[in-house]
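*Asks:* sequence-free structure coming up:
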Ligand SMILES: O=P(O)(O)OC[C@H]1O[C@H](OP(=O)(O)OP(=O)(O)O)[C@H](O)[C@@H]1O
Ligand SMILES: NC(=O)CC[C@H](N)C(=O)O
Ligand SMILES: [Mg+2]
C-alpha cells in the first residue's frame, strides 16, 4: 500500500517539487520505508531524488537535491515494500540511468513476477535476480515504448505500451508514470484494486493544473477540485503544458474485469478524510462501528451489561469505537495514549521493530482501567502484535475484564495485492478458531465484525455510483484476480483478438527487440 502522486502544471515555468513533497507527506501513512520524486520540465530538464525514510527526514537531509528538482510536472512515491525487497534500487519512482528517463510510481503488487522475469529474459532483457515487481513492470513499459523512440513516443505508441503492461502484468497496480516525450500518464488495473483519483485546479484563463494521487485528501489539501476516481482498466494521459495542449484525456484501456477495490483500504490503510471510489472512508468506519456493536451484543450476551467503558486503540480504532460505544450506550475512555512521534507499526519491516513500535507508541492512563471491565476496540487484528500488547497493558493497569473487538473480520489468509502479508503462518487467526485467538491474545472475550457486515458498512457509505463489490481475499481466501482471471497471453497476431478485454483498436506492440537489446546492462538509479 504505497502512495503515489503525480502533478502537471499549466504554467511550464513553475516548479512542482514543493507540492510533490507536500502531497507525499499527506500520503506518509501508506509507506514509511522510502520515498522519491522525479520531475521534468521544458527544454529537456529532468531530475530525480529518492532515498530511505520518511519524507520530512529525507527532504531535510537532501534539501540540495530537492531544490535542484526543476520542472512543471512530476511524480512521487512513498514506499512500503510488498516483496521483502528493501534494496535501494527498488525505491520509487523507478527510473533508469542514461537516456531512459521514463519514471514509474506503483501502488500494488504483481502476482506473476517469476513469469514476468522469465518472459523478459526470453525477450533478451536481463532483470537482476532481486528485481522487484515494479522494476519488472517498468522494464515491460519502457521496452514496449521502445528505447530511443521513447523520446518521441506518440499517444498511440504510449497506449500500445500500456496495453502491453496490462497484458503481461497480473495483480494490482495503480500507477503514475512520466514519459519525456509526452507528460504524465496514470493507469489502474482492470479490477480497480488500489485507489487512484484525478483532480483539477482551475487557474481561470491560464488553464488548469492537474493532479493524480492515491487518496483524495492529497488533492483536497492542495486545492484541487472535481475529483474523479480512475475506473478499473482506465488510464488518463496529461500532455506536458509546454507542448501547447494541456488537456487530459481519459481512455478505457481494457474493459473492467470487476470493480472491486481492496476493502482493507476502508478498514485500515487509507486516511479517514479520503473518499475512495465514491465511499467516504470516515463514514464506512462509522458504519463498521455501528455494526460491531450488534456483533458485540450477540457474541458477549449478558456480559455486555457489565462493560464499564469502550477504549479505542489509537489511531485505527478511533472512529469505529466511538460509534460502537454510542450504539452500545457505553462511555468512551481514551485510556490509551499515543506517542505523537511514533509511526504506524503494522507496516514496519520486521517483528522486532513492530513490537518495539507498539511499545513505544501506546501507553495507558492507569486510572481509566483500574477495577473496570473494558471493551477495547481496534480496526483490525493481523499478526496480533498490537492486541497482545494492549491486553497485557490493560491488565497491568488494573483492568478487571478485558474484552477485545475488531472492526473487521478475522484475517486468516494472505494479502496478495500490496501488503507485506504473504506468510499466513504469521497471522494470529490463521488456522485458529476465534476462541483460540482470544486465548492467544490473553483476552476474556473476542468479537470480530462478520464479513457481510463489513461489506454492507462500505456499501452503505457509497455516494452515487460505487464499486460492484470488494476485494476481500485476506478475510475469505478468495482473490478477485483469481475469481475473474484475465486470459493468458498467446503469441503472434491472434493475441489481440483472443483477449476479449482488449476492446481498443490501437496497434498491439509487444516489446521492441531493439529496445530490449539496448536495455541490456543499463541499471535502475
Ligand atoms: O495485529 P497487528 O499485526 O498488530 O496489526 C494490526 C494493528 O496494526 C495497525 O496499527 P498501526 O500501528 O499500523 O497504525 P495506526 O496508528 O494507524 O492504527 C492496525 O490499526 C492495528 O492496530
Ligand atoms: N505497497 C506497495 O504498493 C508497493 C509497490 C511495490 N510492489 C513495491 O514493493 O515497491
Ligand atoms: Mg492501529
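*Replies:* Cool, got the structure. Just so it is clear, the model here is predicted, and its values are computed rather than measured. Residues are numbered from 1 along each chain as shown. Ligands and ions are numbered 1, 2, ... in the order given.

*Asks:* list the contacts for residue 76?
*Replies:* Counting by C-beta atoms under 8 Å, 6 or more residues apart in numbering, residue 76 makes contact with 4-6, 20-21, 23-24, 35-38, 93, 105. Backbone N, C-alpha and C define where each C-beta goes, glycine included.

*Asks:* taking those one by one, which sit in strands?
*Replies:* The strands, defined by DSSP state E, take in 4-6, 35-38, 105 from these.

*Asks:* Can you get me a residue count around residue 267?
*Replies:* 27 (other C-beta atoms under 10 Å).

*Asks:* which ones are touching the closest residue to it other than its chain neighbours?
*Replies:* Excluding the flanking residues, the one nearest residue 267 by C-beta to C-beta, 6 or more residues apart in numbering is residue 408, at 4.5 Å. Contact analysis of residue 408 by C-beta under 8 Å, 6+ apart lists 264, 267-268, 288, 379-380, 448-449, 454, 475.

*Asks:* run the last query once more with 7 Å
*Replies:* 267, 379-380, 449, 454 (C-beta atoms under 7 Å, 6 or more residues apart in numbering).

*Asks:* Write out the residues of the stretch 1-150 of the chain neighbouring ligand 1.
*Replies:* Taking C-beta under 6 Å from any ligand atom as the criterion, ligand 1 has no neighbours within the stretch 1-150 of the chain.

*Asks:* All the strands of the stretch 1-150 of the chain, in order from the start?
*Replies:* 3-8, 34-40, 46-52, 73-79, 94-95, 103-110 (DSSP state E, counting those that start in this stretch).

*Asks:* mind putting these in JSON lines, distance to residue 165 and mean pLDDT included?
*Replies:* Shown next, in JSON lines, are the strands of the stretch 1-150 of the chain (distance: least, C-beta to C-beta, whole Å; pLDDT from 0 to 100):
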{"stretch": "strand 3-8", "distance to residue 165": "15", "mean pLDDT": "98"}
{"stretch": "strand 34-40", "distance to residue 165": "18", "mean pLDDT": "97"}
{"stretch": "strand 46-52", "distance to residue 165": "21", "mean pLDDT": "93"}
{"stretch": "strand 73-79", "distance to residue 165": "16", "mean pLDDT": "98"}
{"stretch": "strand 94-95", "distance to residue 165": "13", "mean pLDDT": "94"}
{"stretch": "strand 103-110", "distance to residue 165": "10", "mean pLDDT": "97"}
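
*Asks:* now the contacts of residue 76 as a markdown table including distance to residue 167?
*Replies:* Listed next are the contacts of residue 76 as a markdown table, based on distance: C-beta to C-beta, whole Å:
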| residue | distance to residue 167 |
| --- | --- |
| 4 | 22 |
| 5 | 26 |
| 6 | 23 |
| 20 | 30 |
| 21 | 35 |
| 23 | 31 |
| 24 | 31 |
| 35 | 30 |
| 36 | 27 |
| 37 | 29 |
| 38 | 25 |
| 93 | 23 |
| 105 | 21 |
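
*Asks:* Please look at residue 477 and residue 414 and confirm they touch.
*Replies:* No: Residue 477 is beyond contact range of residue 414, at 8.8 Å (criterion: C-beta atoms under 7 Å).

*Asks:* thinking again about what came up before, among the contacts of residue 408, which ones are in strands?
*Replies:* Among those, no member falls in strands (DSSP E).

*Asks:* List only buried entries from those.
*Replies:* Among these, the ones that count as buried by 16 or more other C-beta atoms under 10 Å are 267, 379-380, 449, 454.

*Asks:* neighbours around residue 247, how many?
*Replies:* Using other C-beta under 10 Å: residue 247 sits among 10 other residues.

*Asks:* Tell me who's in contact with the residue lying closest to residue 215 once chain neighbours are set aside.
*Replies:* Take residue 215 and drop its neighbours on the chain: the residue closest to it by C-beta to C-beta, 6+ apart is residue 274, 4.0 Å away. Shown in contact with residue 274 (C-beta under 7 Å, 6+ apart): 215-217, 281.

*Asks:* run the last query once more with 8 Å
*Replies:* For residue 274, counting by C-beta under 8 Å, 6+ apart, the contacting residues are 195, 215-217, 281.

*Asks:* Which of the residues you listed are buried, as a PyMOL select command?
*Replies:* Buried members of the contacts of residue 274, defined by 16+ other C-beta under 10 Å, are picked up in PyMOL with:
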select buried, resi 195+215+216+217+281
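
*Asks:* doesn't residue 459 fall inside a helix?
*Replies:* Yes: residue state for residue 459 (DSSP: H, G, I helix; E, B strand; the rest coil) corresponds to a helix.

*Asks:* What separation do you get for it and residue 319?
*Replies:* As defined by C-beta to C-beta, to the nearest Å, residue 459 lies at a distance of 17 Å from residue 319.

*Asks:* Give me the more crowded residue out of these two.
*Replies:* Higher neighbour count among residue 459 and residue 319: residue 319, with 22 against 16, using other C-beta under 10 Å.

*Asks:* Output the contacting helices and strands for the helix or strand hosting the more buried one.
*Replies:* Element membership for residue 319, per DSSP states H and E: helix 318-328. Counting by 3 or more C-beta pairs under 8 Å, 6 or more residues apart in numbering; DSSP states H and E, the packing neighbours recorded for helix 318-328 are helix 281-300, strand 309-312, strand 373-378.

*Asks:* Next one: that helix, is it in contact with ligand 1?
*Replies:* No: remark: helix 318-328 sits outside contact range of ligand 1, by C-beta under 6 Å from any ligand atom, the gap being at least 8.6 Å.

*Asks:* how about the residue in the stretch 301-450 of the chain positioned nearest to ligand 1, what does it touch?
*Replies:* In the stretch 301-450 of the chain, the residue found nearest to ligand 1 is residue 316; the distance is 2.8 Å by C-beta to the nearest ligand atom. Contacts for residue 316 (C-beta under 8 Å, 6+ apart) come out as 268, 378-380.

*Asks:* Of these, which ones also sit close to ligand 2?
*Replies:* Among these, proximity to ligand 2 is found for none (C-beta under 6 Å from any ligand atom).

*Asks:* Could you export these as JSON lines, including pLDDT and distance to residue 132?
*Replies:* As requested, these are exported to JSON lines (pLDDT from 0 to 100; distance: C-beta to C-beta, whole Å):
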{"residue": "268", "pLDDT": "97", "distance to residue 132": "23"}
{"residue": "378", "pLDDT": "98", "distance to residue 132": "31"}
{"residue": "379", "pLDDT": "98", "distance to residue 132": "28"}
{"residue": "380", "pLDDT": "98", "distance to residue 132": "26"}
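
*Asks:* Nothing else from me, thank you.
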